[in-house]
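**Q** the following comprises the amino acid sequence and a computationally predicted model.
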Amino acid sequence: MRIGVSTGGGDCPGLNAVIRAVVKASLNLGWEVIGIERGLEGLLDTRKIRHLTNKDIAGILNIGGTILGTTNKGNPFRMEVKEGRKIVIKDVSDKVVEGFKKLKLDALVMIGGDGTLSIAKAFYEKGIPIVGVPKTIDNDISGTVITFGFDTAVSVVTDALDRLHTTAESHQRTMVVEVMGRYCGWIALNSGISGGADVILIPEIPFDIERVCDKVRERYRKKKDFCIIVAAEGAKPKGGELFIKERKDIGKEHPLLGGIAKWVADEVRRRTKRETRYLVLGHLQRGGTPTTFDRLLATRFGASAVRLIQNGEFGKMVALIPPDIEAISLEDAVGKLKTVPLNSDIIVTARQMGISFGD
């Protein structure tokens, strides 16, 4: 067989591990693997492809990012196209199907988050044999208990919180840390508990800024003269709106969130009169070496994707349903945000530890 593999959406630790697993498992079956560069751009311009061999994947298991490149503006059903001096949105999906046929591919492995997998579902419905692999540091894809990249992101944030504790305590400051996660609080919640945060603000629980300040005052009153607040970028005050850095442009599905850390820090400083600083970790969370857990999960996902192709099971996504990797339909996997359940053990645990959610 001759199969293609692509990576779409934001970059993520573990992408290269999936690519490596797909290539190794395929070559061991005597198949040929074509790397599609920058999302699906390689199917629109077939010069943007790479024949992947063992030499190409040597040494990439522990490297972050993706050797194929990626884009979060690569939806062929809504592609930015330049016409004269204007940028317009066009449906170029038929050209992608033509590119797939031109390359004489038998199947395509698409690695990505909810947006990319929604595109995968649409192309499966247009006749391309597709298998999906879930990827996101946000851990917001339904159907899989966890996605690769999430563990690495949580580890990066936890390490940052460990470092901030020492400087916050030394200067008796309140530190507000903004983390990624978009509309879900998984990163903030897991890293906040692991990193000893005093307040965790997540999208699932709208917060009252005065309750946040109450927790800060309580810390200083008890002579614990510093405070750590972790704020998910998608968290918002009760009755308030999301903090948006940039509105979505014509090529983006979502607005660029950001600004909550500064707002919270300013309000805490104003209301408590305590010295307060804020930090936005940003893309640090998406970079660097994947953890052992993410390398293993990504490898299992890649190998499982090849097994699905071998068995002729298309229109499906590999998913971690412990203890095994199983297949679920793309129909069941996409368009259903996996948010933090408010009655979950992890929320209960955080409250038992005295962590405030500002509610």
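**A** Cool, got the structure.

**Q** and residue 103, how far is that from residue 308?
**A** Distance check for residue 103 against residue 308: by CB to CB, to the nearest Å, it reads 20 Å. No exception for glycine: its C-beta is placed from N, CA and C like everyone else's.

**Q** again, but for residue 235
**A** 37 Å.

**Q** cool, residue 271 as well?
**A** Relative to residue 308, residue 271 is positioned 54 Å away (CB to CB).

**Q** what's the answer for residue 21, then?
**A** 13 Å.

**Q** also residue 345?
**A** According to CB to CB, residue 345 stands 32 Å off from residue 308.

**Q** of those two, which one has the most company?
**A** residue 308 (23 against 8; other CB atoms under 10 Å).

**Q** surely that one and residue 315 touch.
**A** No: counting by CB atoms under 8 Å, residue 308 does not reach residue 315; the two are 9.7 Å apart.

**Q** residue 163: neighbour count?
**A** 11.

**Q** tell me, how many neighbours does residue 342 end up with?
**A** 12.

**Q** and it, that one's in a helix?
**A** No: Residue 342 is assigned coil when assessed by DSSP: H, G, I helix; E, B strand; the rest coil, not a helix.

**Q** how about it, nearest residue that isn't a chain neighbour?
**A** Of all residues not flanking residue 342 in the chain, residue 204 sits nearest, at 6.2 Å (CB to CB, 6 or more residues apart in numbering).

**Q** ok, now residue 87?
**A** That would be residue 80: by CB to CB, 6+ apart, it lies 5.4 Å from residue 87.

**Q** each with direction, which strands does the particular helix or strand that has the one you found in it pair with?
**A** Using DSSP states H and E, the element containing residue 80 is strand 79-83. Note on strand 79-83: by DSSP bridges, its sheet partners are strand 86-90 (antiparallel).

**Q** can you give the distance from the partner strand to the centre of its chain?
**A** 28 Å (CA atoms, centre = their mean, to the nearest Å).

**Q** next structured bit after it?
**A** helix 93-102.

**Q** touching the following helix or strand past that following helix from outside, list them.
**A** The helix or strand immediately downstream of helix 93-102 is strand 107-112, counting by DSSP H and E. For strand 107-112, contacts defined as CB atoms under 8 Å, 6 or more residues apart in numbering pick out 1, 3-9, 15, 18-19, 22, 36, 100, 116-117, 119-120, 123, 128-135, 302, 305-306, 309, 314.

**Q** return the subset of the residues you listed lying in helices.
**A** Of the contacts of strand 107-112, the ones assigned to helices by DSSP state H are 15, 18-19, 22, 100, 116-117, 119-120, 123, 302, 305-306, 309.

**Q** how about the residues you listed in CSV, adding pLDDT, neighbour count and distance to residue 219?
**A** Formatted as CSV, those follow (pLDDT from 0 to 100; neighbours: other CB atoms under 10 Å; distance: CB to CB, whole Å):
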residue, pLDDT, neighbour count, distance to residue 219
15, 97, 30, 40
18, 98, 28, 43
19, 98, 28, 46
22, 98, 30, 49
100, 96, 24, 58
116, 93, 28, 42
117, 95, 27, 42
119, 95, 26, 46
120, 96, 29, 47
123, 97, 23, 52
302, 98, 27, 45
305, 98, 30, 48
306, 98, 27, 52
309, 98, 24, 54
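
**Q** among those, find me the one that's closest to residue 339.
**A** Minimum separation from residue 339 among these (CB to CB) is found for residue 117, which lies at 17.3 Å.

**Q** which residues does the closest one contact?
**A** 110, 132, 134, 141, 317, 330, 333, 334.

**Q** residue 231 against residue 180, yeah?
**A** No: the criterion here is CB under 8 Å, and residue 231 misses it with residue 180 at 11.0 Å.

**Q** which one of the two has more residues nearby?
**A** Neighbours per residue (other CB under 10 Å) separate residue 231 from residue 180, with residue 231 holding more: 31 against 26.

**Q** quick one: the more buried one and residue 317, what's the gap?
**A** To residue 317, residue 231 is 31 Å away according to CB to CB.

**Q** so where do the helices sit in the chain?
**A** Taking DSSP H as the criterion, the chain carries its helices at 15-27, 41-44, 54-57, 93-102, 114-125, 150-171, 186-194, 209-221, 260-272, 292-310, 330-333, 345-352.

**Q** return the distance of the fifth one from the chain's centre.
**A** When you say that, I think you mean helix 114-125. With CA atoms, centre = their mean as the basis, helix 114-125 stands 17 Å off its chain's centre.

**Q** can I have that helix written out in PDB, keeping just the CAs?
**A** In PDB, the C-alpha atoms belonging to helix 114-125 read as follows (Å, rounded to 0.1, in the frame of the first residue of the first chain):
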ATOM      1  CA  ASP A 114     -11.000  18.600  16.800                       C
ATOM      2  CA  GLY A 115     -10.800  21.000  13.900                       C
ATOM      3  CA  THR A 116      -8.500  18.800  11.900                       C
ATOM      4  CA  LEU A 117     -10.500  15.700  12.700                       C
ATOM      5  CA  SER A 118     -13.700  17.500  11.600                       C
ATOM      6  CA  ILE A 119     -11.900  18.100   8.300                       C
ATOM      7  CA  ALA A 120     -10.900  14.400   8.200                       C
ATOM      8  CA  LYS A 121     -14.600  13.400   8.700                       C
ATOM      9  CA  ALA A 122     -15.600  15.600   5.800                       C
ATOM     10  CA  PHE A 123     -13.000  14.200   3.500                       C
ATOM     11  CA  TYR A 124     -14.000  10.600   4.500                       C
ATOM     12  CA  GLU A 125     -17.500  11.600   3.400                       C
END
